[in-house]
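Peer 1: structure for the following, please:
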Amino acid sequence: MADINKTIDRSMAISRNVAGTLSRRVKDAYSTYGESVRKAQSDYVQSGFPGANPQQWWTDWFQYCVDAGQRSTLFWDTIRERGNQWLAHEEAGKPPLLHYRYEMVADARTYERPCNYALVRIVPPRGVKVDERKRPFIIIDPRAGHGPGIGGFKEDSEVGVALAAGHPVYFVIFFPEPEPGQTLADVTDAEAEFVRVVAERHQESPKPSLIGNCQGGWAVMMLAAARPDMTGPLVINGAPMSYWAGNDGDNPMRYSGGLLGGAWVSLLASDLGAGKFDGAHLVSNFETLNPANAVWDKYYHLYDDVDDEAPRFLEFERWWGGFYLLNEEEIRWIVNNLFVGNKLSQGEARLGPGRYFDLKSIKQPIIVFASMGDNITPPQQAFNWIADLYSSTDEIKANGQTIVGLIHEDVGHLGIFVSGKVAKKEHAQIFEVLKYIQTLPPGLYGMEIHEIQHADGEVTYDVTLHERSLEALKKLQKYDRVDEKPFEAVAALSELTERAYELLVRPAVRDAVPEWLARMLRELHPLRAQRWMLSDRNPFLAGVPAAAAMARAWRQPRAEGNAGRRAERLGSTVVSASLDLYRDLRDAASEAAFFQIYGNMMSLQMADQRAAIRRQTRFDPRAVPAVRQVLDDLDRGGLPEAIVRAGLLVAKAGGGKRRLAQMESVRLLLEPTGVLEDVSEDDFRRVLHDETIIVEFEPLEAKRTLPRLVASAADRRKLHGLLDALADDPHLGDRQRDLVDELRSMIPAGATPPKLRAKPAAPKARGRAGTRRGKATKRTRA
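Peer 2: Residues are numbered from 1 along each chain as shown. Down below sits the predicted model:
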């Protein structure tokens, strides 16, 4: 009875929320429409009229008509060029649209389990020097309908920033058609082999860092979870990791799976493609999110400024119009485990028997970059996997995971990858943070970038990392994530509809769609048809090139203040605002329908049954055997442990705030000592993990036993010297200075510290790797 009452209360809460949100969104939609139209009308009126002079009216009208005719001709010629460009790209095999030259390194089509992926190395442009000893970067683009290249589409891009910093850069590309029988397991194994190949080519470098864009983000996380010892730090940009998350009224794409009845639609699309899913369907979904831009705005911007806008329009359309295919097994796995099932963050996603992905097994630092202006992958979808995976900040630290989050205020989804401003600021600073992220203790951090404008016009950036808690992260999600409960009902219903489709419909569809019909259906997809139909294949456009050449030769653009031009822009604003109004009302109705269908009592009971196996108890980090082991041996170690512990104690006294400049100064202080010279990156991360546990859970004992870690006079002098240099840091707060003074008094350069406990004899030490006097040793475990 209690469970039923709980379900009724939850259903009523969702219904109230739906009614309130629907009413608010309808009012906001009409209000936004009215404001846009009134502003456009006001701007039109304030710009003035030609007056009562008939000659001025006639002049403006004549100039506008000539200009409008010429622009129309040039507009249709640009559309024709887009079609020709698309056909040429198709005939060339749709190669990656990278701004840089590249050379093939490995082709997974030749592997034992082939897949349509390959690894290429970016060739540095003339004048750009790359240090082969620096950490190599591997960039993985999304395979979400489009082809590869968005991470290196421009000079100011992720590839450009990495090359400018002197790093070797590799890019994972893929081909238009999947290999027969290809699965995501094959793709993950191929990407792991790519990482091994890069590491083998750069044996004197740290482990390769992986960068995943959008859908490439979860691919990177899956790879790092499957092979945690292979990769270096991870960067996931605009990557949807928690698909059910979002804000009511802001993120309509997450409702699509439920309103379509689950994953069966992707199976139907694959059957209509003779076993292949057309990526044009995914691109079409993206366009429906913003019909004003897809139907009107991008074409009007071209028409309004066709003289200057045409090259940019054609460049972007070249990438936007490259549609790639997936096998049915691939899209089915993606929809069932991610889009509808949301299983990755729950540890339930698997690629085969026994191949589950545990994101907790990732030990390398992770940087997560998202934007508040992204309606495809909102920050909740990019970050909520952390709250799904961990119950508290203490659990993150106990697991030894370092996660850094960066949120942009307003850039859209594509802007995260292609915006030159974002590349120069956010991506450049992410690469700077990656230099020091291995020295960042386990925990959750927020990254802030402050722009500094100098007198000479130069712009520099100051980066600060603030330690955060999961409680702060949860504030990103309204209503305490109660609105995610109906998505579990969607997942439960999807399992039923998928089985029903396979049993009742699939046999007939497969028999009715041979390979030739599937190819014809793909060619007739609206996104493809609008390109090849408006190209030189269309005989009705034969005269357009000559007309466009004449228009360019006799071009007479209208004046900026032309009355016809102003009226035209007013009309365009009204059309765009009307399409936005349609979108807002459509999304409001779709959202209300979704929650009314899946927010009722029956659906929520289905969700409760499905979620029963996910119930968790409160996490106690001290109950973890590895944590207990570290705390039992907190007075064991050497100079490296002492240095790391002292640094963590000082940082903790400052509230967990770390400036990039401070991290660089600490590195410069440590370099002459040679303390960490012979310590591998993995061993250092393990020492950092152990000392973080000690400082977080036993801060008083950590400080009291610090002198015991420096047994020799030479080690004490080195530690004391580092504390002296640290005391001179102008960025230290009062509490931190007091602590540094206290630590200096505890470890005088010439005194003998308390004796270390006797180490039990053992043929071979076991446990996490530590260090002593710069040589790799082992922390003895009981």
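
Peer 1: mean confidence (pLDDT) on the longest helix seen in the chain, please.
Peer 2: Secondary structure of the chain per DSSP state H: the longest helix is helix 2-46. Confidence for helix 2-46, expressed as mean pLDDT, is 79.

Peer 1: helices or strands next to that helix in the packing?
Peer 2: For helix 2-46, the contact count by 3 or more CB pairs under 8 Å, 6 or more residues apart in numbering; DSSP states H and E identifies helix 485-504, helix 563-598, helix 601-611 as packing neighbours. Where C-beta positions appear, they are placed from N, C-alpha and C, glycine not excepted.

Peer 1: name the nearest residue to Tyr102, ignoring sequence neighbours.
Peer 2: In space, and not counting its chain neighbours, Tyr102 is closest to Val120: 4.1 Å by CB to CB, 6 or more residues apart in numbering.

Peer 1: so is the one you found in a helix, a strand, or just coil?
Peer 2: strand (DSSP: H, G, I helix; E, B strand; the rest coil).

Peer 1: and Asp462, by the same measure?
Peer 2: Counting by three-state DSSP, the backbone at Asp462 sits in strand.

Peer 1: okay but it is in contact with Ile452, surely?
Peer 2: Yes: under the criterion of CB atoms under 8 Å, Asp462 lies in contact with Ile452, with a separation of 5.9 Å.

Peer 1: pick out whichever of those two has more residues nearby.
Peer 2: Higher neighbour count among Asp462 and Ile452: Asp462, with 13 against 9, using other CB atoms under 10 Å.

Peer 1: and that one, how far is that from Gln429?
Peer 2: Here the criterion is CB to CB, to the nearest Å. By it, Asp462 lies 9 Å from Gln429.

Peer 1: spit out the residues that contact those two alike.
Peer 2: Ile449 (CB atoms under 8 Å, 6 or more residues apart in numbering).

Peer 1: enumerate every residue touching the residue nearest to Tyr102.
Peer 2: If a contact means CB under 8 Å, 6+ apart, then Val120 has 96, 102-105, 170-171, 173 as its contacts.

Peer 1: now these in CSV, with secondary structure?
Peer 2: Below are those laid out as CSV (three-state DSSP):
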residue, secondary structure
Pro96, coil
Tyr102, strand
Glu103, strand
Met104, strand
Val105, strand
Tyr170, strand
Phe171, strand
Ile173, strand
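
Peer 1: any idea how far the nearest residue to Leu351 once chain neighbours are set aside is from His413?
Peer 2: Nearest non-adjacent residue to Leu351, counting by CB to CB, 6+ apart: Ala185, 3.9 Å away. In this structure, Ala185 and His413 are separated by 28 Å, where distance is defined by CB to CB.

Peer 1: buried sites along whichever strand or helix holds Val283?
Peer 2: In the assignment (DSSP states H and E), Val283 maps to helix 280-289. Neighbour-count burial for helix 280-289, counted by 16 or more other CB atoms under 10 Å, picks out 280-284, 286, 289.

Peer 1: and the contacts of it?
Peer 2: Defining contact as CB under 8 Å, 6+ apart, one finds that helix 280-289 is touched by 144-146, 252-253, 256, 269, 293-294, 320, 323, 375-376, 522, 525-528, 583.

Peer 1: cutoff 7 Å now
Peer 2: Outside helix 280-289, the residues within contact range by CB atoms under 7 Å, 6 or more residues apart in numbering are 144-146, 253, 256, 269, 294, 323, 375-376, 525, 527-528.

Peer 1: isn't Lys94 right next to Glu177, touching?
Peer 2: No: under the criterion of CB atoms under 7 Å, Lys94 is not in contact with Glu177, lying 9.5 Å apart.

Peer 1: neighbour-wise, which of these two wins?
Peer 2: Between Lys94 and Glu177, counting by other CB under 10 Å, Lys94 is the more crowded of the two (19 against 15).

Peer 1: residues near Lys134, how many?
Peer 2: Other residues near Lys134 number 17, with proximity taken as other CB under 10 Å.

Peer 1: which residues does it contact?
Peer 2: 166-168, 205.

Peer 1: if we can go back for a sec, could I get the contacts of Val120 as a markdown table with neighbour count and pLDDT?
Peer 2: Supplementary listing: the contacts of Val120 in a markdown table, determined by neighbours: other CB atoms under 10 Å; pLDDT from 0 to 100:
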| residue | neighbour count | pLDDT |
| --- | --- | --- |
| Pro96 | 22 | 91 |
| Tyr102 | 20 | 95 |
| Glu103 | 8 | 96 |
| Met104 | 10 | 96 |
| Val105 | 15 | 96 |
| Tyr170 | 27 | 97 |
| Phe171 | 26 | 96 |
| Ile173 | 22 | 95 |
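
Peer 1: between which two of these is the distance greatest?
Peer 2: Pro96 and Val105 (13.5 Å; CB to CB).

Peer 1: excluding sequence neighbours, find me the nearest residue to Asp462.
Peer 2: Taking CB to CB, 6+ apart as the measure, Asp462 lies nearest to His450, with 4.6 Å between them; neighbours along the chain are not counted.

Peer 1: burial count for the residue nearest to Arg708 when sequence neighbours are not counted?
Peer 2: In space, not counting the residues next to it along the chain, Arg708 is nearest to Asp635; the distance is 4.7 Å by CB to CB, 6+ apart. Burial measure for Asp635: 18 neighbouring residues, criterion other CB under 10 Å.

Peer 1: equivalent analysis for Gly257, please.
Peer 2: 25.

Peer 1: please apply the same query to Asn84.
Peer 2: Asn84 - counted by other CB under 10 Å - has 16 other residues nearby.

Peer 1: just checking, it touches Arg537?
Peer 2: No: taking CB under 7 Å as the contact criterion, Asn84 and Arg537 are not neighbours in contact, 8.8 Å apart.

Peer 1: which residues in the stretch 251-400 of the chain form strands?
Peer 2: Taking DSSP state E, counting those that start in this stretch as the criterion, the stretch 251-400 of the chain contains strands spanning 276-278, 325-327, 366-371.

Peer 1: hang on, the earlier thing: need the helices and strands packed on helix 2-46 in JSON lines (columns: mean pLDDT).
Peer 2: Conversion of the helices and strands packed on helix 2-46 to JSON lines gives the following (pLDDT from 0 to 100):
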{"stretch": "helix 485-504", "mean pLDDT": "90"}
{"stretch": "helix 563-598", "mean pLDDT": "91"}
{"stretch": "helix 601-611", "mean pLDDT": "52"}
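
Peer 1: Glu35 is nearest to which of the ones you listed?
Peer 2: Relative to Glu35, the nearest member of the helices and strands packed on helix 2-46 by CB to CB is helix 563-598, separated by 8.8 Å.

Peer 1: in that closest one, what counts as buried?
Peer 2: When neighbours are counted by 16+ other CB under 10 Å, the buried residues of helix 563-598 are found to be 563-566, 568-570, 572-573, 576-577, 579-581, 583-584, 587-588, 591-592, 594-598.

Peer 1: packing partners for it?
Peer 2: In this structure, helix 563-598 packs against helix 2-46, helix 54-91, helix 256-259, helix 291, helix 485-504, with contacts taken as 3 or more CB pairs under 7 Å, 6 or more residues apart in numbering; DSSP states H and E.

Peer 1: quick one: the first one to helix 563-598, angle?
Peer 2: An angle of 170 degrees separates the directions of helix 2-46 and helix 563-598 when computed by axes from the mean of the first three to the mean of the last three CA atoms, to 10 degrees.

Peer 1: counting neighbours, what do you get for Glu649?
Peer 2: Small correction: residue 649 is Leu, not Glu. Leu649 is surrounded by 21 other residues when neighbours are defined as other CB under 10 Å.
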